[in-house]
Structure formats: structure tokens, C-alpha cells
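Novice: with the sequence up front, the predicted model follows.
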2 protein chains.
Amino acid sequence: MSKTSPQLCCTLNISGTDQEKMIKMFKALGNPIRFEIIKFLLTHPGCITGDIVEYLPIAQATVSQHLKELKRVGLIEGEIEGPKTCYCLNTNSVNDVYKQLQNYFATHESILFPL
Amino acid sequence: MSKTSPQLCCTLNISGTDQEKMIKMFKALGNPIRFEIIKFLLTHPGCITGDIVEYLPIAQATVSQHLKELKRVGLIEGEIEGPKTCYCLNTNSVNDVYKQLQNYFATHESILFPL
DNA sequence: TTTCTATATCGTATTTTTACGATGGAACAA
DNA sequence: TTGTTCCATCGTAAAAATACGATATAGAAA
């Protein structure tokens, strides 16, 4: 390619795009603790912070920090109920990312599924 | 759940498992530069390091570092050809991760695809 | 009211990531 | 041989992530 079509430089000016959202979600899922939280919420929808803290081998403050990050990127939602907070997956966001991935695979099918 | 089934603590002792591999790939894909490299390889299979360096707005050493990381987690492969290195996606690994994701979605279909 | 419970946030220490220039080595060209 | 190109690695600086104890706050209970 160096000697053929000189492709324009990639600028990475993609703030707010779907791709950027997907990258943030990948990053969030790329941490073992946060991945376990997502898995836990799959099997325990609507549980409270304390349940997750009890399940994980880390301090409560750290769990809270991870929950905040998962909420920030849109993977989960928290609903305050009195002194507790109920967390559940944001299924819409999760589905959106999954659809984007499916789209990537469909678009580059011949490369990703070689005969 | 706090008052019902006391679930065992998650130990995160998952070294070498498929899940750990997937988490590492998520982490690798959770960086904008590395995501762009993967996208570039989708459209420019078999290109050399210099092509990627030319495309991205960062230094050659940094690109090389990211390529090393993508190779480490198994998303790409590099083949040395004389003084150059040809990179391409590891389609097997990519497909494996995709299949795992499909499995997660299928297993928790009722939660992830609410009516 | 006071006390307790649940959880978010603060402050901070440690580790990891990211980026760069400089260097080194391997293969090709002259 | 010498010089050049390509690219990985080294050394390092800056930024971000991760973790914890301590604290604050809001609601429930006493």
C-alpha cells in the first residue's frame, strides 16, 4: 500500500460517535472486576450494591468506583431505592454494541470467515 | 439476594481461561489507536508496519508497541518478510471471541432481549 | 431525636498504560 | 564493504487506572 493509494491520515476525531461509545464499552469490559459485575448482573438482575460487594473480593469503595464507570459508559443503570441502589444492565446499550459488532462482522465477512 | 442464597465469593482465579482471553481482547480493543489498527487491517490485510504508521497520527515506536500488544492478546499476527513485517488479523481468535459473545447473548436471551 | 445501614465520594498510594526520542539489529542496495 | 531502510526494543516521562481506608450523606429504624 505504501506505493499505491496514499490513504489520508487517521485523525481519531471521533468524539461522541457510536464507535467511540463502543470503544469505551470495550475498555470497561476489559477489566476482570467489571466483567464479573456484568456477568453477575446477568444472573442477578436488580441486585443492590451490597450483593455485588459481598460477591467480589475487593473493597466496597472500589466496587462503587467500578459501578460508576460501568454506569458512565452506559452498560448499567442504577436506581436509588431508599438507602440502597438497585443495579441492572442497560439492555438497550448492550444490544446496540452487539449490533455494531454484528455489522462489522457482516461487512467484512469474507475476511473474518475465510473459507 | 443478601438475605437468600449466600453465593460464594468470586475469586477471579481464571488465569488462562477463555473468559480471561476475552477480557484481554476487550481491553486491547478498548483503546482508540488499537481499534483503528484492527479496522485498518480489516480493509488492508497483509499491510506492513510502515503503512500503519503512515496512517496513524502517532510515533512509530508507539505503533510498534500497540502492534505488540495486539499480537500478545492474539488479535493479530505478524510475519517477518525481509526487513518488513506483514500484519494481518488472527481470524480464528476474532471468531472465537465473537462466538463467546454470541453464546453469552444466547444464554441470557430473555434478559438481553426483553420483550 | 439518635443510631444504624447502605453507598457514594474523597484523598492518596501504587501500578499500569501510553507516548516519545534514541538506539540496535537485520536485510537489502550500492 | 558501506549505507539505507524497516522495525523492534530501550529508557523514561507523563497520564490514567486501580485499590484502599476514611469520610460524608441520605434514608430507615429505634
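Specialist: On my side now, so go ahead. Small disclaimer: the values here were computed from a predicted structure and weren't measured.

Novice: need the residues of chain A near DNA strand D, please.
Specialist: A:2, A:27, A:31, A:33, A:58-62, A:65-66, A:69, A:82-83 (C-beta under 7 Å from any atom of the strand). Every C-beta, even on glycine, is put in place using the N, C-alpha and C of the backbone.

Novice: now for the residues you listed, which pair is the farthest apart?
Specialist: A:2 and A:82 (63.0 Å; C-beta to C-beta).

Novice: so for these two, which residue has more residues nearby?
Specialist: Higher neighbour count among residue A:2 and residue A:82: residue A:2, with 12 against 5, using other C-beta atoms under 10 Å in any protein chain shown.

Novice: what's the pLDDT at the more buried one?
Specialist: Looking at residue A:2, its pLDDT is 35.

Novice: next: residue A:11.
Specialist: In this prediction, residue A:11 carries a pLDDT score of 75.

Novice: got a list of what residue A:112 touches?
Specialist: Residues in contact with residue A:112 (C-beta atoms under 8 Å, 6 or more residues apart in numbering or on different chains) are A:105, B:42, B:89, B:91, B:94-95, B:98.

Novice: which of those residues are buried?
Specialist: Among the contacts of residue A:112, those classed as buried by neighbour count (16 or more other C-beta atoms under 10 Å in any protein chain shown) are B:42, B:89, B:91, B:94, B:98.

Novice: now those residues in a markdown table, with pLDDT?
Specialist: Output for those, formatted as a markdown table (pLDDT from 0 to 100):
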| residue | pLDDT |
| --- | --- |
| B:42 | 95 |
| B:89 | 97 |
| B:91 | 95 |
| B:94 | 92 |
| B:98 | 91 |
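
Novice: and chain A, which of these reach it?
Specialist: Counting by C-beta under 8 Å from any C-beta of the partner chain, B:42, B:89, B:91, B:94, B:98 from these sit close to chain A.

Novice: now do the contacts for the nearest residue to the last one once chain neighbours are set aside.
Specialist: Taking C-beta to C-beta, 6 or more residues apart in numbering or on different chains, and ignoring the residues beside it in sequence, residue B:98 has residue A:105 as its nearest neighbour in space, at 6.3 Å. With contacts taken as C-beta under 8 Å, 6+ apart, residue A:105 has the following neighbours: A:112-113, B:98.

Novice: pLDDT score assigned to residue A:105?
Specialist: Here, the pLDDT recorded for residue A:105 equals 92.

Novice: element containing it?
Specialist: Assigned by DSSP states H and E, residue A:105 falls within helix A:91-107.

Novice: got the angle between that helix and helix B:91-107?
Specialist: Here the directions of helix A:91-107 and helix B:91-107 differ by 140 degrees (axes from the mean of the first three to the mean of the last three C-alpha atoms, to 10 degrees).

Novice: just the buried residues of stretch A:19-35, please?
Specialist: A:21-35.

Novice: distance check, the residue nearest the centre of chain A against residue B:44.
Specialist: The residue lying closest to the centre of chain A (C-alpha atoms, centre = their mean) is residue A:25, at 2.9 Å. Distance, residue A:25 to residue B:44, by C-beta to C-beta, to the nearest Å: 25 Å.

Novice: please apply the same query to residue A:67.
Specialist: Using C-beta to C-beta, residue A:67 is found at 39 Å from residue B:44.

Novice: what about the two, which has more around it?
Specialist: Neighbour comparison, residue A:67 and residue B:44: the larger count goes to residue A:67, with 20 against 17 (by other C-beta under 10 Å).

Novice: just the element for that one, please.
Specialist: Here residue A:67 is assigned to helix A:60-72, by DSSP H and E.

Novice: many thanks, we can stop here.
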